Structures are given as structure tokens and as C-alpha cells.
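Student: I'd like to go over a predicted model; first the sequence, then the structure.
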Amino acid sequence: MKSNIEIQRIEKSKIDSVDFNNLPFGSVYSDHMLECDFVNGEWQTPVIKPYAPISLDPAAKIFHYGQSIFEGMKAYKDAEGNTMLFRPLDNCKRLNKSAERLVIPEVPEDIFMDGLKKLLEIDNDWIPTNEGSSLYIRPFMFASGIGFHASPADAYKFIICTAPSGAYFAGKVKVLIEEKYARAANGGVGFAKAGGNYAAQFYPTQLAIEKGYNQVIWTDDNSHEYIEEAGAMNIFIRINDTLITSPTSDRILDGITRKSVIQIAEDMNIDVEVRKITVSEVIAAAQSGSLKEMFGAGTAAVISPIAGFGYQGTDYDLPELETPFAETLKKAITDIQTNKAEDPYGWRVML
Ligand code: PLP
Ligand code: COI
């Protein structure tokens, strides 16, 4: 497959119209995209072509039955101009895990990896070098095959688009612990990066925003007593000097940032507990003063510190610490990602 990528280059780059010193998150797109069709039971030759709208039949099953999955990754460039990815094979594997659950054909690893590397080579100038910026990569797959019959489609598209991006959140966030709605349920698709999971989050998140919060802390669908995720991120809670994060399950996404943070924290001799944590435990810790930090972890936001949370009409503030774990861990992970530190884990993939 390696050499078998068709390449159609743009006539004129639009890069000069982009202000790399003021990058938004995920809304400016690079010159090219990779597109690969699955038809007649086979993946076709991937094509790298100018970024442009795609044409779909109105009966394409993506529109009706939501067979759609995605990934989120980042490419970085160091001071010497080297380009690198962070644990990219984990994204490929997770995309295929999501694919299996949504009855979407798995994308071959060589199409994903060789296609991505070639795309990054062609759009290399789009990878930002400014501190805190990176090239956000969005691989996704969806049902392009048609029919109103509620069954899996017979054709799919795999696309990779990239977007030079700045920070996902401007600063600390204020969150609301969810008491009624759920993003995922036992036996459902919460562990998959299925588009529908995010659609399901929008309404409760909108209600939280109307109440003055930035996002929702998801609790389990059954009792709403267990803390599970922070918006579209995994959650970490520090009580005294112990860092606690929920175990992954079929309701929780197995985040690559989460597992990297756990590893780095353990190697810094931070006491990490992967266990269920209840809302009552967090409230009791907030009241006694032992709740020190809460933060979300995910590719887009990296580590997003939480300023405070609301629950049952009461707001709880988190203390301002001099050297929060969130800051130490964010520096450690981004230094590995951007080639500023040794990578003892072999996570960095240089292109
Ligand atoms: N949880 C959810 C629901 C997500 O959408 C994401 C984002 O990808 C994460 C957690 C974090 O996962 P990762 O660190 O692999 O980006
Ligand atoms: C990511 O963190 O990369 C994600 O995919 C979350 C997304 C909803 C922005």
C-alpha cells in the first residue's frame, strides 16, 4: 500500500491567509485531505487531494442511522523542524475498535499510517511551531452507502483532515456535575468515538452553559453517583496528594492522554488510584479541604484544569495551588510530545 497513494496537489496554497499567531481550535483547515473509499467489500486506493466539500447521496446512511466514528490526534514540530506524532497507532487501533462496534469496516493500518504520514509531508508547512499550538488531526469514517433500510451500509469513506490549532479552552473551566442526563449507558457505545455520543452531549451541555458553567461532568447513567468523564475528556481528581481517575468501561473512552498521564504520574511517584469515585466523596473532600484539584485530560485540550463545580444548586471552588499536578503533568506530557524531553516510553513517532 505504501507507494499506492494517489496525489492531487492544490494549485495555490491558502497558507498565507492564516494567522499562525492567533489560531482558533479546529476551524482553519490545511490545503489537503486524504480520502479513501470502501466499496464492493474493498478499500480503494487512498487519494490525497485539495481540501474541499464532498458530495453524498441524500440516502447515505450516515444521515439516517449515524454510522460515524472519528479520532483526534496532533502533529508537532520542534525547533529543528522535525515533525512528530504521539502514540498514533493507538488512535488507529481505537478507530478500528469503534468501527467494530458500529459495524463499519476496519481501516487497514497501512492506509491510516502511510496515508497520514504522506499527508503531513505534503502539508508540512501547516504544522505550527508556536508554543501551545499544533496541527490537530481528524481521521473519521462514515457510511456513504445508501438506503433507508435500517442496517449497516455497503460503502464507507475514510477521511483525514488537519487543522492548525491553538488552545481548546481559553483558561480554567467551571463544570456542572450531571444529575439527570447521561452520555453513555451500559452496553452502549460510550467507549467508542462515535459521532452520536457527542450529539447526545450537546443538550445537557447547553443547559449547563445557560446556568453559567462551561461543561458537564458525566456521571453513570444508572445512579448518577459515580463520576465518569469531563465533557469530551477523561477526568482526574486529586484528594490530598492522591490522583484518582475512573476505570475505563463500556461507558468511558479509553483516552490516550489519560493512560499517558497515569504512567507519567506514577513515574513521578505520585500516588495514582484507578478506581470508581463517587460524587459524595468529592463533595465531602471539597467540604473538608482535602479536594485539591480536578482536571480533564484529552488530546484536544491536553490537560484542562477545573476552577470549580456545581452540584445540586451549590457551587464549590477549588483552591489555587502554587504547583498543581495539572501543570506539572501537562508540562511533562507536552515536553515529550514536542521533543523537548526524553521519551522513555517510546510514545513519540518522528516522521
Ligand atoms: N473522553 C471522551 C469522551 C473523548 O471524546 C476524548 C477525546 O478524544 C477523551 C476522553 C480523551 O481521549 P484522548 O486522550 O485519547 O484524546
Ligand atoms: C480530542 O480530544 O481530540 C477529541 O476528540 C475531543 C473532541 C470532541 C474535540
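Tutor: Looks like it came in fine. Ligands and ions are numbered 1, 2, ... in the order given.

Student: neighbours of the nearest residue to T299 once chain neighbours are set aside, just the number please.
Tutor: With sequence-adjacent residues excluded and distances taken as C-beta to C-beta, 6 or more residues apart in numbering, T299 is closest to G72, at 4.5 Å. For glycine as for every other residue, the C-beta is placed from the backbone atoms N, C-alpha and C. Burial of G72 is recorded as 20 neighbouring residues (other C-beta atoms under 10 Å).

Student: where's G72 relative to E35, distance?
Tutor: According to C-beta to C-beta, to the nearest Å, G72 stands 19 Å off from E35.

Student: ok, the residue nearest to T299 to L351 distance?
Tutor: Counting by C-beta to C-beta - G72 and L351 are separated by 18 Å.

Student: do the same with V279
Tutor: Taking C-beta to C-beta, one finds V279 at 44 Å from L351.

Student: go on, V47?
Tutor: 20 Å.

Student: now swap in K61 and tell me
Tutor: 35 Å.

Student: who has more neighbours, those two?
Tutor: More neighbours surround K61 than the other of K61 and L351, with 25 against 16 (other C-beta under 10 Å).

Student: quick one: contacts for the more buried one?
Tutor: Q67, A143, S144, G145, I146, G147, P152, A153 (C-beta atoms under 8 Å, 6 or more residues apart in numbering).

Student: What's the separation between it and Y156?
Tutor: 9 Å.

Student: what's the overlap in contacts for those two?
Tutor: Q67, A143, S144, G145.

Student: Now render those as a markdown table, adding pLDDT and neighbour count.
Tutor: Output for these, formatted as a markdown table (pLDDT from 0 to 100; neighbours: other C-beta atoms under 10 Å):
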| residue | pLDDT | neighbour count |
| --- | --- | --- |
| Q67 | 98 | 23 |
| A143 | 98 | 26 |
| S144 | 98 | 21 |
| G145 | 98 | 19 |
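
Student: pLDDT score assigned to A285?
Tutor: With respect to pLDDT, A285 scores 98.

Student: Buried residues in the host helix or strand of it, which are they?
Tutor: Per DSSP states H and E, A285 falls inside helix 279-288. By 16 or more other C-beta atoms under 10 Å, the buried positions in helix 279-288 come out as V279, E281, V282, I283, A285, A286.

Student: in a helix, that's where L34 is, yeah?
Tutor: No: secondary structure assignment (DSSP: H, G, I helix; E, B strand; the rest coil) places L34 in strand, not in a helix.

Student: separation between the residue lying closest to Q337 once chain neighbours are set aside and G147?
Tutor: Of all residues not flanking Q337 in the chain, F86 sits nearest, at 4.8 Å (C-beta to C-beta, 6+ apart). Computed as C-beta to C-beta, the F86 to G147 distance reads 39 Å.

Student: Hmm, F86 is touching M73, no?
Tutor: Yes: counting by C-beta atoms under 8 Å, M73 is a contact partner of F86 at 7.2 Å.

Student: hmm, back to that, adding secondary structure and distance to S246, write the shared contacts of K61 and Y156 out as CSV.
Tutor: Listed next are the shared contacts of K61 and Y156 as CSV, based on DSSP: H, G, I helix; E, B strand; the rest coil; distance: C-beta to C-beta, whole Å:
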residue, secondary structure, distance to S246
Q67, coil, 28
A143, strand, 31
S144, coil, 36
G145, coil, 37
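
Student: tell me which of these is nearest to ligand 1?
Tutor: Of all the shared contacts of K61 and Y156, ligand 1 sits closest to Q67, with 17.7 Å by C-beta to the nearest ligand atom.

Student: Quick one: residues contacting that closest one.
Tutor: Listed by C-beta under 8 Å, 6+ apart, the contact set of Q67 reads K61, L102, V103, I104, F142, A143, P152, A153, Y156.

Student: roughly how far apart are the second one and ligand 1?
Tutor: Taking C-beta to the nearest ligand atom, to the nearest Å as the measure, L102 falls 15 Å from ligand 1.

Student: Next, count neighbours for D110.
Tutor: A total of 15 residues lie near D110 under the criterion other C-beta under 10 Å.

Student: Kindly report the same for W347.
Tutor: 19.

Student: quick one: the nearest residue to it once chain neighbours are set aside from S27, how far?
Tutor: Distance criterion C-beta to C-beta, 6+ apart; nearest residue to W347, sequence neighbours excluded, is R87 at 4.9 Å. Counting by C-beta to C-beta, the gap from R87 to S27 is 25 Å.
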